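Peer 1: Quick one, fold the following:
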Amino acid sequence: MGTSVLSLRIDGELLDRLRHHAAKRGMSVQDYVVRTLVRDDFDERFQTAVEETEKFYGVT
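Peer 2: Model prediction:
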C-alpha cells in the first residue's frame, strides 16, 4: 500500500485543539489525525460486522 498526500484547510481553533490532543500523546498532529481516522474507520467496520452478525442470528 502506497501513501498519498491529503491537504486540509482548518481554522486556527481546531488546529490548536488538535495540537493539544497530539501533544498529550507525544505525537505530531499528522500522526494524531491519521491514527484517529484509522480508529474511526475500524470502529465503523466493527459496528457493521456486529450488526450483520446480529441479523444473521436474529438478535434484535
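Peer 1: wait, what's in contact with the closest residue in space to Ser28 that isn't next to it in sequence?
Peer 2: In space, and not counting its chain neighbours, Ser28 is closest to Ala22: 6.2 Å by C-beta to C-beta, 6 or more residues apart in numbering. From N, CA and C alone the C-beta is placed, and that goes for glycine too. Ala22 makes contacts with Ser28, Val29, Asp31, Tyr32, as judged by C-beta atoms under 8 Å, 6 or more residues apart in numbering.
Peer 1: Glu51 versus Ala22, what's the distance?
Peer 2: 32 Å (C-beta to C-beta, to the nearest Å).
Peer 1: Check Arg19 too.
Peer 2: 36 Å.
Peer 1: any idea which helix or strand carries the residue sitting nearest the centre point of the chain?
Peer 2: The chain has Leu37 as the residue nearest its centroid, 2.2 Å off, counting by C-alpha atoms, centre = their mean. Leu37 is part of helix 29-57 when elements are defined by DSSP states H and E.
Peer 1: Give the buried residues for the worst-scoring helix or strand of the chain on mean pLDDT.
Peer 2: For the chain, counting by mean pLDDT, DSSP states H and E, helix 29-57 ranks last in confidence among helices and strands (a mean of 88). For helix 29-57, the buried set under the neighbour-count rule, 16 or more other C-beta atoms under 10 Å, comprises Tyr32, Val33.
Peer 1: so the strand or helix carrying the residue nearest to Ser28 versus helix 29-57, what angle?
Peer 2: Here Ala22 sits within helix 12-24, counting by DSSP H and E. Helix 12-24 and helix 29-57 meet at an angle of 90 degrees, taking axes from the mean of the first three to the mean of the last three C-alpha atoms, to 10 degrees as the criterion.
Peer 1: quick revisit: the helix holding Leu37: how far from the chain's middle?
Peer 2: In terms of C-alpha atoms, centre = their mean, to the nearest Å, the centre of helix 29-57 is found 8 Å from the chain centre.
Peer 1: so what secondary structure elements neighbour it?
Peer 2: helix 12-24 (3 or more C-beta pairs under 8 Å, 6 or more residues apart in numbering; DSSP states H and E).
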